[in-house]
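**Q** Okay, predicted coordinates and the sequence, questions at the end:
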Amino acid sequence: MPATPATYAFLGPEGTFTEAALMQVPDAAAATRIPASNVNAALDLVRDGSAGAAMVPIENSVEGGVTATLDAIAGGTELRIIREVLVPISFVLVARPGVRLEDVRRVSTHGHAWAQCRLWMDRHLPTAEYVPGSSTAAAAMGLLADDCHYDAAICAPLVAREQPGLSVLAENIGDNPGAVTRFVLVSRPGLLPERTGADKTTVVVPLPEDRPGALMEILDQFASRGVNLSRIESRPTGQYLGHYFFSIDADGHVGDARVADALAGLHRISPNTRFLGSYPRADGQETAEEAHTSDAAFAAARAWVESLLDPASEAAESASAASPTA
Ligand SMILES: O=C(O)C(=O)Cc1ccccc1
């Protein structure tokens with residue numbers, strides 16, 4: 001397991017869902033915590049060594065991938081995901097005391113929060129204008145500034161409870177009561193988290209150009225080795241129109257032979273494939289394994305091939321011992 005960092009950066013300010021995710025990390029409460037104003041700033045604190053790791057949102061169950069994070073970790077100096085955290089999300093609408101729902105013209109929040117409250121907004125404040133905020137907590141705290149140019153904010157219930165200058169206009173305004181956001185803890189490359197049997201591996205694979213079936217070939221690296229995918233998203237590289245990479249989460253750890261073999265296959269197809277880490281799954285769900293994709297099956301297969309090259313070797317003996325006709 002990598003050494004636990006004493007300083008954590010997170011998408012701030014205090015009161016964001018990202019901070020709630022960070023507080024699930026066992027030593028975070030006692031560590032130094034640095035709020036950053038956006039995902040890139042949080043990751044830069046890790047890249048320049050000011051923080052040992054950063055907590056950032058990566059995916060939510062309603063809106064999908066958090067593109068700012070997917071793009072930030074896909075490029076630049078290499079970073080590694082060392083942990084994932086799931087946070088159930090519920091939203092409240094807050095305003096300065098005395099403001100009534102019918103007074104609200106402009107509402108600020110994080111883009112993913114806005115997207116998750118669309119139906120409620122359409123029903124209750126259909127003409128409200130959206131003012132993008134860098135986070136839910138930043139939008140809520142912004143209401144306290146004298147020159148605030150919006151009337152209400154969407155944020156976590158905790159922020160509203162702890163801030164006497166804010167009052168709650170509506171609770172549980174999220175369109176999906178079961179909404180969950182997935183956050184990842186990101187550090188500089190170092191020792192990998194140990195294999196637990198319930199792991200995830202994240203990779204970024206640039207799509208080779210002008211190669212018919214390239215995506216199929218990429219997917220086949222996983223499929224043919226029995227590796228299940230839990231997320232796959234295409235993102236433009238930003239270099240020019242039509243140039244894409246795929247951000248992929250696969251079940252298992254690079255220490256599993258089938259995952260290692262799949263990654264080696266990806267590297268042959270797309271040599272700039274970036275490994276973003278193997279880390280324990282937040283839900284602890286063990287990876288299902290079939291006999292023919294187990295470590296033992298891969299080891300026996302390798303020994304068999306080696307035995308073909310050198311029939312006198314030890315590998316040849318163990319391969320013939322493992323062979324069904326031996
Ligand atoms: O803005 C926040 O509080 C965040 O942590 C980002 C976010 C926004 C909406 C849902 C989940 C995370």
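**A** In hand now; what should we look at?

**Q** use CA for all of it now, contacts and neighbours both
**A** Noted.

**Q** Contact partners for the most centrally placed residue in the chain?
**A** In the chain, the centroid-proximal residue (CA atoms, centre = their mean) is Ile58; its distance is 3.4 Å. Residues in contact with Ile58 (CA atoms under 8 Å, 6 or more residues apart in numbering) are Gly65, Val66, Thr67, Thr69, Leu70, Thr181, Arg182, Phe183, Val184.

**Q** you'd agree it is in a strand?
**A** Yes: assignment of Ile58 by DSSP: H, G, I helix; E, B strand; the rest coil places it within a strand.

**Q** Check what pLDDT His243 gets.
**A** At His243, the predicted lDDT confidence score is 85.

**Q** Show me the shaky parts of the chain.
**A** Low-confidence segments of the chain (pLDDT under 70): 1-5, 315-326.

**Q** Give me the longest helix you can find in it.
**A** helix 295-309 (DSSP state H).

**Q** Show me what that helix is packed against.
**A** helix 257-269, helix 314-322 (3 or more CA pairs under 8 Å, 6 or more residues apart in numbering; DSSP states H and E).

**Q** Need the buried ones from the contacts of Ile58 selected in ChimeraX.
**A** ChimeraX command restricting the contacts of Ile58 to the buried ones, with burial defined by 16 or more other CA atoms under 10 Å:
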select :65,66,69,70,181,182,183,184
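
**Q** Can you sort out which of the contacts of Ile58 also neighbour the ligand?
**A** Among those, proximity to the ligand is found for Thr181 (CA under 6 Å from any ligand atom).

**Q** nearest to the ligand, of the contacts of Ile58?
**A** Thr181 (5.5 Å; CA to the nearest ligand atom).

**Q** Test my guess that that closest one contacts Ile89.
**A** Yes: counting by CA atoms under 8 Å, Ile89 is a contact partner of Thr181 at 6.8 Å.

**Q** which residues touch the residue of the stretch 51-200 of the chain found nearest the ligand?
**A** Taking CA to the nearest ligand atom, the ligand has its nearest neighbour within the stretch 51-200 of the chain at Ser135, 3.2 Å off. Applying CA under 8 Å, 6+ apart, we find Ser135 in contact with Leu11, Gly12, Pro13, Thr16, Ser37, Asn38, Thr109, His110.

**Q** Output the residues you listed as a markdown table; include the columns neighbour count and secondary structure.
**A** Formatted as a markdown table, the contacts of Ser135 follow (neighbours: other CA atoms under 10 Å; DSSP: H, G, I helix; E, B strand; the rest coil):
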| residue | neighbour count | secondary structure |
| --- | --- | --- |
| Leu11 | 29 | strand |
| Gly12 | 25 | coil |
| Pro13 | 21 | coil |
| Thr16 | 23 | coil |
| Ser37 | 15 | coil |
| Asn38 | 17 | coil |
| Thr109 | 24 | strand |
| His110 | 21 | coil |
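
**Q** just those that are near the ligand?
**A** Of the residues in those, proximity to the ligand by CA under 6 Å from any ligand atom holds for Thr16, His110.

**Q** Can you tell me which of the contacts of Ile58 end up in helices?
**A** Thr67, Thr69, Leu70.

**Q** Pipe these into JSON lines and attach distance to Asp310 per row.
**A** JSON lines is the format used below for the ones in helices among the contacts of Ile58 (distance: CA to CA, whole Å):
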{"residue": "Thr67", "distance to Asp310": "50"}
{"residue": "Thr69", "distance to Asp310": "49"}
{"residue": "Leu70", "distance to Asp310": "46"}
